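[1] when you get a sec, could you give me coordinates for this:
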Amino acid sequence: MSQPAVLKIENLHVSVGDTPILKGVNLEIRQGEIHALMGPNGSGKSTLAYTLIGHPKYEVTEGSITVDGVELNELDPCERARMGMFLAFQYPVTIPGVKVADFLRHAISNIRNPERKEGEELMPMRDFRKELRDTMNELNIDAEFARRYLNDGFSGGEKKRMEILQLAMLKPRFAILDETDSGLDSDAVRVVSEGLQKLSGPHMGVLIITHHERLLEYNIPHYTHVMLAGRIVETGDAALAHELHANGYAGVRERHPQEAAEEQETQEVTTP
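    The predicted structure is shown next:
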């Protein structure tokens, strides 16, 4: 049996413009593991997510990101996706005129066939339709969903359900969910949580970035990490997530005065 793939982040420093955001992040995620990343606003959680997927706005100034020893730092987002990386956005993009099914067929064709060039044959329509239908049935998504334009007129819950469908079809090795529960009502959070629970397993490592506990009720983390002022300052199990949800970050700041002071300085600089 092959060993699980490992996403390794070592001494990662990231800046936006001239402003340093991440200041030495270290983290390892293996396929089959669920990690929760929590922290106050502005601590660097979303910066880490966008850096992992290769957003050009975020400059890696030091450190490395690897998947099974393969360096990702210089790879563009498409190449990272082919390496098995997936990001569920906090605010998914709307693309009027592009149907969900067409978007997914192109995405799958590009991910599963890394050598495919523009204009070359897509995944055979019969195979794609069967896989899409089976996946939507498994996730209890109505078939009409695939005929709609991507996120156009979707409710918040429908946008998140769309991302769960993408996750199911693309089958990444590592899924990063950036506050995917943000702004959702309880029913929508339950749908997303149950969908993620169905898809989690030994083939996929998951990083759930969240302020809340709701996603973690169905997807209990093996590890919970706390980020403050651009660093991961504490790591524990699911009990740490419960503590943060109940008590907030005052205790974390008390235990890490240096990072708390840096956080305060940053707020003073950015607050008009």
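
[2] got any ranges where the protein has weak pLDDT?
    Within the chain, the ranges that satisfy pLDDT under 70 run 1, 116-119, 183, 267-272.

[3] could I get the full set of helices for it?
    Taking DSSP state H, the helices of the chain run over residues 45-53, 77-82, 100-112, 125-138, 156-170, 186-199, 214-218, 238-247, 250-255, 257-270.

[4] most tightly packed of those helices?
    helix 45-53 (a mean of 22; mean count of other CB atoms under 10 Å). C-beta coordinates here come from the backbone N, C-alpha and C atoms, glycine included.

[5] circling back: export the helices of the chain to TSV and append columns for distance to Ala229.
    Output for the helices of the chain, formatted as TSV (distance: least, CB to CB, whole Å):
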stretch	distance to Ala229
helix 45-53	12
helix 77-82	26
helix 100-112	35
helix 125-138	41
helix 156-170	29
helix 186-199	29
helix 214-218	23
helix 238-247	16
helix 250-255	10
helix 257-270	4
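
[6] for burial, what's the neighbour tally of Glu115?
    5 (other CB atoms under 10 Å).

[7] let me fix that, I meant to ask about Asn113.
    Neighbour count for Asn113, taken as other CB under 10 Å: 14.

[8] against Val14, how distant is Pro20?
    Separation of Pro20 from Val14 (CB to CB, to the nearest Å): 8 Å.

[9] could you do Tyr218 as well?
    Tyr218 sits at a distance of 31 Å from Val14 (criterion: CB to CB).

[10] then Gly195?
    With CB to CB as the criterion, Gly195 and Val14 are 30 Å apart.

[11] swap in Leu22?
    Distance of Leu22 to Val14, computed by CB to CB: 4 Å.

[12] so which of these two has more stuff around it?
    Legend: neighbour count by other CB under 10 Å for Leu22 and Val14, higher for Leu22 (28 against 23).

[13] Gln90 is in contact with Ser46, correct?
    Yes - Ser46 is within contact range of Gln90, at 6.9 Å (criterion: CB atoms under 8 Å).

[14] any residues in contact with both of the two?
    Asp178, Glu179 (CB atoms under 8 Å, 6 or more residues apart in numbering).

[15] look up how far Met204 lies from the closest residue to Glu138 other than its chain neighbours.
    Spatial nearest neighbour of Glu138, chain neighbours left out: Lys198 (6.9 Å); criterion: CB to CB, 6 or more residues apart in numbering. For Lys198, the distance to Met204 equals 11 Å [CB to CB].

[16] touching both of those two, which residues are there?
    With CB under 8 Å, 6+ apart, Lys198 and Met204 have no common neighbours.

[17] show me the beta-bridge partners of the most centrally placed residue in the chain.
    Central residue of the chain (CA atoms, centre = their mean): Ile176, 1.8 Å from the mean position. Beta-bridge partners for Ile176, by DSSP bridges, are Leu87, Leu207.

[18] state the distance from it to Ile29.
    9 Å.

[19] now Ser46
    In terms of CB to CB, Ser46 sits 17 Å off from Ile29.

[20] Asn41 too?
    23 Å.

[21] what about those two, which has more around it?
    It is Ile29, of Asn41 and Ile29, that has more neighbours when counted by other CB under 10 Å, with 25 against 8.

[22] bridging residues for that one?
    Under the criterion used (DSSP bridges), Ile29 bridges to Leu7.
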